[in-house]
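Student: This is a predicted model, with the sequence first.
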Amino acid sequence: MTKGQAISLEKQDGGSLSAVRMGLGWKAAPRRGLFGSRTREIDLDASAVLFADKQPVDVVFFRHLVSDDGSVRHTGDNLVGGAGQGGDDEAIVVDLARVPVHIDQIIFTVNSFTGQTFQEVQNAFCRLVDETNGQELARYTLDGGGEYTAQIMAKVHRSGSGWTMTALGVPARGRTFQDLVPTILPVL
Amino acid sequence: MAAELVRGQNHPLSRARIEIRISADVPVVAGATLADDSGRVPGADRVAHPGAPTLPGLEVSRQAAAEHRLAVDLDAMPETVHRLSVLIALPATADGPPRFGAVRAPRAAVTGLDGAEIAGYTLTGLDAESAVIALELYRRQGAWKVRAVGQGYAGGLTALFTDQGVPQAAELARGIEEAVAQGLARSVPARTTDTDRTRRTAASVAGSDLSGAASAAGPEPAGTAPAAGPSYDPRAAGVGSVRPAPADGSVRPAPADGSVRPTPADELGGTQPASGAGPSVSDGPGIAEAATSPAGGPVDYTHPKRRQASPPPAPGAPGPGAPAPVADGPAPPVAGDAVGWSMDERLYNQVWGMFEDLARSTAAYRSAVDFAESRLEKELDQVLSDPRSRLGSAGDAAREAARARQAELVDQARAVLDRDLAQLIAESEVVEPALPPAYAGWDNPVWHGYRVPTESPMAVRLGDLRLPESTPLRIPMLIRLPLERGLWIDSGSLDGTGSDTGELRHLAMRTAVALAARLLAVHPVGEFGVEVVDPAGAGASALTPLTGTGALAEPPATGAAGVAAVLGRLTERVDLVQMALRGGAPDALPPGLDTSRRLLIVNDFPHGFDDRAVTQLRYLADEGPDVGVHLLLVADREDAAAYGPLLDPLWRSLMRLTPAPDDHLADPWVGHAWTYEPCLVPDGSQVLQQVLTQVVTARTKRM
């Protein structure tokens, strides 16, 4: 999937995906030196912002793990990353059937909470998975992404009766999603 | 090195002359469209298909076939072509499958001229689609790349071409069908048809696995053996004939299905046509199912053994005891459908799950309604501020449209909420009757079959919770035991008018007694005791169920002296137990000390309390829960107004309940104000007396 490409989350038989998961994975910073605990860990955070008519209504991030309506769930904050071999270190699961009717867009973002740019992070990726059967719908590679500390990954938005996902891949800077709101608004 | 692509993934192409190979189980039509830099296919002359197989730099087959090789020369592509989409479609023949979901997932691969694979992609997950864009080759900064697309169209080629922006898509699709129909007569047949293959392997698997089990081996395992060679015995033949199949990738799920099937069949005992239900043994349910859901169908991710009840029974031969197939839509709710080590824990978790679901569904509804309101206001403001709309009917129409938009959104939100409520109500209808006494309302029949338990429950029901939107659904309010906080039943009037205070006080005391009785009843004999302080004797009538049955060890303490005695005794007890626990010597307690849990009911606080007693009570409220002394205060806060803010920490430390419905409890997720209603014994019911009598009888037997 490339920038700007849209995938319909509706299957052609009329049924649509009921749950999608945005997974984020990256390789933990290598331990070096005698005091292994002193290496600077890399903490990437996945967030999802729920918009209704271009107004942010709710947000799911490491401090608010479930949207008020229960449709968007964050699996929990990972502060250090994982093996970097394709497993999700953080994930946000969206139960599309439960998203309130007025929410028309959900924006997924990734931030480097500890401040490393994506150039310094290894094997970082972001992917979208059909949660019902584990099939990967799209994958994005983050590392080598330049002097950025954040990226607006994708948006899942209503189209007709179903949902469509559009890959955005807009680079940005910021520690948490709040810093990204000015960058998000133009892509809505 | 060959790359196996997943949907959406891309791969660079280093060569210009390549082949695209397509393999499927059934004859398919292969073609390609050439799109410009805007992604549109300008005309039917930019589509290569069996009717027009050759375009500059591109050649496709003239007919439908199970195997295709499309020749592509990227260097010969016109400059204006920026994207080449490879499409596969099922020809519309009478005997062919109508949708990709019915056949094994086709595979598309980009290879060099020597056949060496560069990148491959298996188009999994197709269902009702009859045409699909498999791959696309596209220019990216002067070089070509391939991307796995897998976008299917249930509307067939017409829908596919329309989506690509081809003018006269329907005509083009029809032209292709005609060309295919002409070519089909001389088409290359698929290697074997899918059904045959499945049936054969499944039969051989079933035959081999069941060969040890009486006659189930079937009349003709020999018939399957030739597939693997006659020298094998039936068991080896089964293995031998299955093994090579996955190697060429043709029969993946079938062996799993077939080999797993006989086991559940054995366990279910009776679905196997060994009982004589089926026409022939080798056509048992397992095989029949494997044949109807072809090997190449979507991969089944359900655990093969976990839901033995779910697989559809063999057509025509439903096994006895096999449940009716579950219809589409959410499964009917089941009591205890949650995690936990015991049924109690599962029900507890289920009730809390319902509580959370209701809270969140309502939050979704409320936020949608709020949003609709605010949007309406904004739009009405806009109409007002627009000078054009001040006069004439334009403004009215705009206002009307804004209102309609608001109403539509609210209706949608309500429909979703109603759907969720219906699900929760259905769940509540199966959960409520299944609740054990500790969780059940007093009107639940479980109380009529009450027996003194041998184990303490993990939680207790304090009352019911509901939201204005949720009627008639009520969620049991279950609180973990032992209670971490004291309880305060507010006997003060809710609206502050002071009307009917006497009635409210009586109701508050009845609530307290019902709660105390419940706690007594759900604990094993001797593990829970109740003490009552009723300084003015005002609660005597409400206390009758406790006093009349002898459930209290001592009569309610009255007067200032009584208050002092009870509080002094409990304070000493808390102090001693605390000391013993902190010193790590719980067995050093004096022999006379009763270590069972205690509930202290205080009526009409602070009547009859002096300063010393108030201090003792606060000590009990703070320190008691950890050492098994719990407080149940029945009080009107106004009565204690003379103490000023001194008692505020006490009130705050207690969980406030009300004798009448009142919305003062917040849920931990969204913070809705929930209406609490206590569990009261239905009027005229003797259930409290009966239950307490049993408790007392069990207690005397033990002594």
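Tutor: That came through, no problem.

Student: lowest confidence element among the helices and strands of chain A?
Tutor: Every helix and strand in chain A was compared by mean pLDDT, DSSP states H and E; the lowest is strand A:6-8, with a mean of 73.

Student: any bit of the helix or strand following it sitting next to chain B?
Tutor: As assigned by DSSP states H and E, the chain's next helix or strand after strand A:6-8 is strand A:19-27. No - Strand A:19-27 does not reach chain B (Cβ under 8 Å from any Cβ of the partner chain); its nearest approach is 13.2 Å. Backbone N, C-alpha and C define where each C-beta goes, glycine included.

Student: Listing partners with orientation, what would you give for the least confident helix or strand of chain A?
Tutor: Strand A:6-8 sits in its sheet next to strand A:162-172 (antiparallel), going by DSSP bridges.

Student: follow-up on the earlier one: which residues are in contact with the least confident helix or strand of chain A?
Tutor: Outside strand A:6-8, the residues that touch it by Cβ atoms under 8 Å, 6 or more residues apart in numbering or on different chains are A:1, A:137-138, A:159, A:162-167, B:8, B:151.

Student: for it, which positions count as buried?
Tutor: A:7-8 (16 or more other Cβ atoms under 10 Å in any protein chain shown).

Student: do the same with stretch B:40-50
Tutor: Residues of stretch B:40-50 classed as buried: B:41, B:44, B:46-50 (neighbour count, 16+ other Cβ under 10 Å).

Student: what's the closest non-adjacent residue to residue 77?
Tutor: I'll assume chain A. Residue nearest to A:Asp77 in three dimensions, not counting chain neighbours: A:Phe62, with 3.7 Å by Cβ to Cβ, 6 or more residues apart in numbering or on different chains.

Student: wrong one, I was asking about chain B
Tutor: B:Gly57 (4.4 Å).

Student: ok, now B:Ala673?
Tutor: B:Asp663 (4.4 Å).

Student: Against chain A, how distant is the one you found?
Tutor: 18 Å (Cβ to the nearest Cβ, to the nearest Å).

Student: give me the element B:Gly671 is part of.
Tutor: Going by DSSP H and E, B:Gly671 is not part of any helix or strand.

Student: quick one, phi psi at residue 127?
Tutor: Just going to use chain A. Per-residue torsions, A:Arg127: phi -140, psi 160 (degrees, to the nearest 10).

Student: Near chain B, which residues of chain A are found?
Tutor: Contact residues, chain A versus chain B (Cβ under 8 Å from any Cβ): A:1-2, A:5, A:7-8, A:11-14, A:52-53, A:57-58, A:66, A:68-71, A:98-102, A:130, A:133-139.

Student: ChimeraX command for the buried members of these?
Tutor: For the buried members of these, the matching ChimeraX selection, counting by 16+ other Cβ under 10 Å, is:
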select /A:1,5,7,8,11,12,52,57,58,66,68,69,70,71,98,99,100,101,102,130,135,136,137,138,139
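
Student: Just the residues of chain A next to chain B: which are in strands?
Tutor: Among the residues of chain A next to chain B, the members falling in strands are A:7-8, A:52, A:57-58, A:130, A:135-139 (criterion: DSSP state E).

Student: and the residue nearest to B:Ala673, what does it touch?
Tutor: Per Cβ under 8 Å, 6+ apart, neighbours of B:Asp663: B:673-676.

Student: In the stretch 501-650 of chain B, where is pLDDT below threshold?
Tutor: By pLDDT under 70, the low-scoring segments of the stretch 501-650 of chain B are B:592.

Student: all strands in it, in order from the N-terminus.
Tutor: Ranges of strands in the stretch 501-650 of chain B, per DSSP state E, counting those that start in this stretch, are B:528-533, B:597-605, B:629-635.

Student: Between the ones you listed, which one is closest to chain A.
Tutor: strand B:629-635 (32.1 Å; Cβ to the nearest Cβ).

Student: The closest one pairs with which strands?
Tutor: Looking at strand B:629-635 with DSSP bridges, its partner strands are strand B:487-490 (parallel), strand B:597-605 (parallel).

Student: how about the residues of chain B near chain A?
Tutor: Counting by Cβ under 8 Å from any Cβ, chain B sits next to chain A at B:6-10, B:124-125, B:127-129, B:147, B:151-155, B:299, B:301, B:356-357, B:359-361, B:363-365, B:367-368, B:371-372, B:375, B:409, B:412-413, B:416, B:669-670.

Student: Would you format the contacts of B:Asp663 as a markdown table with secondary structure and neighbour count included?
Tutor: Converted to a markdown table, the contacts of B:Asp663 look like this (DSSP: H, G, I helix; E, B strand; the rest coil; neighbours: other Cβ atoms under 10 Å in any protein chain shown):
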| residue | secondary structure | neighbour count |
| --- | --- | --- |
| B:Ala673 | strand | 13 |
| B:Trp674 | strand | 24 |
| B:Thr675 | strand | 20 |
| B:Tyr676 | strand | 20 |
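
Student: any chance of those residues in CSV, plus pLDDT?
Tutor: Below are the contacts of B:Asp663 laid out as CSV (pLDDT from 0 to 100):
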residue, pLDDT
B:Ala673, 92
B:Trp674, 93
B:Thr675, 93
B:Tyr676, 93
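
Student: where does the chain dip in pLDDT?
Tutor: Just so you know, I chose chain A. A:1-4, A:10-16, A:31-40, A:84, A:86, A:143-145.

Student: Switch to chain B, please.
Tutor: B:1, B:94, B:184-330, B:389-392, B:494-500, B:592, B:703.

Student: now, which of the buried residues of stretch B:40-50 lie within strands?
Tutor: B:47-48.

Student: Out of the buried residues of stretch B:40-50, which is nearest to chain A?
Tutor: Once Cβ to the nearest Cβ is applied, the member of those that ends up nearest chain A is B:Val41, at 17.2 Å.

Student: what about the residue nearest to B:Tyr365 when sequence neighbours are not counted, which helix or strand?
Tutor: When the adjacent residues along the chain are set aside, B:Tyr365 lies closest to B:Leu417, with 4.1 Å between them (Cβ to Cβ, 6+ apart). Using DSSP H and E, B:Leu417 maps to helix B:392-434.

Student: From B:Gly608, how far off is the residue of chain B positioned farthest from its centre?
Tutor: Going by Cα atoms, centre = their mean, the residue of chain B most distant from its centre is B:Ala561, 57.3 Å out. The gap separating B:Ala561 from B:Gly608 is 9 Å, by Cβ to Cβ, to the nearest Å.
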